[in-house]
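Enquirer: 3D, please:
(chains A and B)
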Amino acid sequence: MTQNMKGSAGNSSSIPYSSIQLNNTSIVTGSTNCGVVSAFQIANHAAGFCFCTSKTYTDTAGVRIAGYPTTLEADTYTGTITLIATAQ
Amino acid sequence: MSVKKMVFAVILVMLAVGAATAQTYTGSVPISAIKGESVTVSGSALSQYNLASLAPQTLTITSVWNLKPSRASVQVCVYMGAAGKMTGSAGNSGVIDDTMVQTKVGASWVNIDAGNGCGMTAATTQVNSYTLSSANRVNTATDTVQVQINAAAVPAGLEADTYNGSLTVVDYVQ
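Expert: Residues are numbered from 1 along each chain as shown, chains lettered A, B, ... in the order given. Got it, this is the predicted structure:
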């Protein structure tokens, strides 16, 4: 996540993306994961040998908003979490 | 070279090729949160009026709100209404009603329930009106209004007693 959660037009307040937590840790890690600076690594699957055409993995992470400014206006705030899978 | 060595060599080449070409795939998940509106309004306490020596008092109305950008205004009002009339002890039918209580916001005194505002017609005193902008959608407002009992309107035959009633303070959001 690289941008704050924003509200309606004319509302300058926002929920900082650093307040979004995955598994109780800020989504902004400060370290490079999946080749992306500050990305949060949820899982690491060893490929190994597979005599198959595809394989499905399901990973989960707890998501929560850990805080917001006291001056946050009443509004609906939206943002985007980007998912990344890097194959090596 | 034996067959085993050849297979091992092929595997090593495959691993080397795989390690050299990292590929990244992305998707996205929307995240949404809502912060609901909130409004609280309260009035300061008024001291007991002495009908033998009436004097105006200042009512302070404190409003705290956090409103959506779609909101345009907040009106602050006070009224007595029929429910707030001041009554005495049991057996005493005398009352001090809203025709005997006055407010002053501007220059002159008017009956507390004679004005328009807060969605009411001829039933309230509008103390203030706020046009909302990004500067005050999250706000604490303090307004004052003078309140008095109109001695000339109180019946001369009102029994000696303690009369209690209530004023209602209103924040009307549009």
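Enquirer: sheet partners, orientation included, of the helix or strand of chain A with the lowest mean pLDDT?
Expert: Every helix and strand of chain A was ranked by mean pLDDT, DSSP states H and E. The lowest is strand A:36-37, at a mean of 90. Sheet pairing for strand A:36-37, assigned by DSSP bridges, gives strand A:32-33 (antiparallel).
Enquirer: which residues sit in contact with residue B:142?
Expert: Taking CB atoms under 8 Å, 6 or more residues apart in numbering or on different chains, we find residue B:142 in contact with B:60-63. Heads up, the C-betas are built off the backbone N, CA and C, glycines and all.
Enquirer: no no, residue B:48
Expert: residue B:162.
Enquirer: rerun that using 10 Å as the cut-off
Expert: Residue B:48 makes contacts with B:57, B:162-164, as judged by CB atoms under 10 Å, 6 or more residues apart in numbering or on different chains.
Enquirer: next: residue A:64.
Expert: Contacts of residue A:64 by CB under 10 Å, 6+ apart are A:19-24.
Enquirer: show me the strands in the chain, by range?
Expert: With no chain named, the answer covers chain A. Along chain A, the segments classed as strands by DSSP state E run A:5-6, A:14-15, A:20-22, A:25-26, A:32-33, A:36-37, A:63-65, A:75-87.
Enquirer: wait, chain B
Expert: B:23-35, B:38-43, B:57-66, B:73-79, B:86-87, B:95-96, B:101-104, B:110-111, B:115-117, B:120-131, B:138-149, B:168-173.
Enquirer: run through chain B and note the low-pLDDT ranges.
Expert: Counting by pLDDT under 70, chain B contains low-confidence ranges at B:1-20.
Enquirer: how about the residues of it near chain A?
Expert: Residues of chain B lying near chain A by CB under 10 Å from any CB of the partner chain: B:11, B:14, B:18-39, B:65-71, B:133-134, B:137-138.
Enquirer: and with 6 Å instead?
Expert: Contacts of chain B with chain A, taken as CB under 6 Å from any CB of the partner chain, map to B:22-37, B:66-69, B:134, B:137-138.
Enquirer: check the gap between residue B:55 and chain A for me.
Expert: Going from residue B:55 to chain A by CB to the nearest CB, to the nearest Å gives 41 Å.
Enquirer: I meant to write residue B:121 there.
Expert: Taking CB to the nearest CB, one finds residue B:121 at 29 Å from chain A.
Enquirer: residues near that residue, how many?
Expert: Per other CB atoms under 10 Å in any protein chain shown, the neighbour tally for residue B:121 reads 8.
Enquirer: what sits closest to the residue nearest the centre of chain B if chain neighbours are left out?
Expert: Compute the mean C-alpha point of chain B, and by CA atoms, centre = their mean the closest residue is residue B:39, 3.0 Å away. Sequence neighbours aside, residue B:65 is the residue nearest to residue B:39 in space, at 4.4 Å (criterion: CB to CB, 6 or more residues apart in numbering or on different chains).
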